[in-house]
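*Asks:* prediction below, plus the sequence it came from.
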Amino acid sequence: GWPWDEASPPLPPRMADGSPWPRVSIVTPSLNQAAYLEATIRSVLLQGYPNLEYIIIDGGSTDGSLEIIQKYAPWLEYWVSEPDNGQAHAINKGFQHASGEIMAWINSDDSYYPEAFHFVVTQLISSGKDLLIAGVDVIEWEHHKPVIRKHVSPLIGPPIHAFPIFSNGRVEDFFFTQPSMFWRKSVWEHTGCLNENLHYVMDREWCLRALAKGAQVLTLDKPVARFGWHASSKSQTQNLAFFYEASMMYWQIGTREGFNRQACIMEAIYAYLRYAQSSLQNKQNYYWSQGNRLRSFSVKTLARMVRKLRISLKKYAEHQRKEIPINVVRNP
């Protein structure tokens, strides 16, 4: 099954109007993900897309990843295996070698569905939008086979920002799903590269900066990528770090051009309350497991107070979003 022995039907060398397919540049950052890396690579190379540029930036893996990359080296535009300064740095390094008109990155434990590039390119061209975010299926690997656990859609879920954080009052309602995000090269040129000081929310921060620069977004429910959920994945093991960094990110991004400082501070507080609630819940569970019922109850009470405060702030954010002037058009 895909992505091991099935390939997408090859596209004709030119589009229906006779023009060449725009080049698609994909970057994969990786570090010691040999268990999942080959599935990622094959999901890119077996797309049947006639104008593909694939780049792999490995951080100096020691688990057999290098041998996997070398196996597919003839079909790669560029690859390197050397120490780097983290995921954002690796992705930025990769895009320095990219020349495509449409860009994206896919992590080494995620993968694309068949014919994803064909779908994305035609949708971006026909819509005239700058950035596309589609659906994602969350998978777990069982006996070397992917099992879909849930479908995540940008059309369903909490919005990428709670408060109206943009200085022009722009509001976005989509749920952010990075593995299915593609954009035009012009967006990368106007927005700049990823913030290498961030390790958990660099994708969200970059997307917010792109929106502040005026990028128009097309959101679609159809899944084009699969998000790998496993015991060692960053998203599963480091939620507290994610919430804390998100809080700091919103605090700092408010000083940038295109952002509303006051709304960004409120967004930072909202993210920090989620961090505090999760941290307290972890402590509550720890004390309970140690038999300290009194301390567990005290921490549980405090966690409930934080949760109520976060819910109140969420309602305030929803009210603020409704107060947007009528002449400000929401992105469809």
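*Replies:* Great, that's in hand.

*Asks:* and the gap between Thr40 and Asp110?
*Replies:* 6 Å (Cβ to Cβ, to the nearest Å). For every residue, glycine as well, the C-beta is placed using N, CA and C.

*Asks:* same check, this time on Asn285
*Replies:* Separation of Asn285 from Asp110 (Cβ to Cβ): 30 Å.

*Asks:* neighbour count winner among these two?
*Replies:* When neighbours are counted by other Cβ atoms under 10 Å, Asp110 comes out ahead of the other of Asn285 and Asp110, with 23 against 13.

*Asks:* so how many other residues sit close to the closest residue to the more buried one other than its chain neighbours?
*Replies:* Nearest residue to Asp110, sequence neighbours excluded (Cβ to Cβ, 6 or more residues apart in numbering): Pro179, at 4.7 Å. Pro179: 26 surrounding residues under other Cβ under 10 Å.

*Asks:* my read: Pro179 touches Arg226, true?
*Replies:* Yes: using Cβ atoms under 8 Å, Pro179 is in contact with Arg226, at 7.3 Å.

*Asks:* shared neighbours of these two, anything?
*Replies:* Residues touching both Pro179 and Arg226 (Cβ atoms under 8 Å, 6 or more residues apart in numbering) are 110, 136.

*Asks:* output the below-cut-off pLDDT ranges for the stretch 1-150 of the chain.
*Replies:* For the stretch 1-150 of the chain, the stretches flagged by pLDDT under 70 are 1-6.

*Asks:* if we use 90, what do you get?
*Replies:* The stretch 1-150 of the chain contains residues with pLDDT under 90 at 1-9, 35, 140-148.

*Asks:* what about the helices in it?
*Replies:* All helices of the stretch 1-150 of the chain, identified by DSSP state H, counting those that start in this stretch, fall at 34-45, 65-71, 87-95, 116-127.

*Asks:* near Pro12, how many other residues are there?
*Replies:* 8.

*Asks:* how about the nearest residue to it, chain neighbours excluded?
*Replies:* Nearest one to Pro12, counting by Cβ to Cβ, 6+ apart, is Pro50 at 7.7 Å.

*Asks:* how close does Pro159 get to Glu318?
*Replies:* Using Cβ to Cβ, Pro159 is found at 10 Å from Glu318.

*Asks:* of these two, which one has the most company?
*Replies:* Pro159 (16 against 12).

*Asks:* look up how far Phe227 lies from that one.
*Replies:* 19 Å.

*Asks:* correct me, but Gln320 touches Phe163?
*Replies:* Yes: here Gln320 lies in contact with Phe163, judged by Cβ under 8 Å, at a distance of 5.7 Å.

*Asks:* between those two, which contacts overlap?
*Replies:* The contact lists of Gln320 and Phe163 share 263, 266, where a contact means Cβ under 8 Å, 6+ apart.

*Asks:* before we move on, what SS does the residue nearest to Asp110 have?
*Replies:* Secondary structure state of Pro179, per DSSP: H, G, I helix; E, B strand; the rest coil, is helix.

*Asks:* confidence score at it?
*Replies:* With respect to pLDDT, Pro179 scores 96.

*Asks:* need the contact list for it.
*Replies:* Contact analysis of Pro179 by Cβ under 8 Å, 6+ apart lists 106-107, 110, 136, 225-227.

*Asks:* that older thread, need the helices of the stretch 1-150 of the chain in TSV with mean neighbour count, can you?
*Replies:* Listed next are the helices of the stretch 1-150 of the chain as TSV, based on neighbours: other Cβ atoms under 10 Å:
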stretch	mean neighbour count
helix 34-45	21
helix 65-71	16
helix 87-95	22
helix 116-127	18
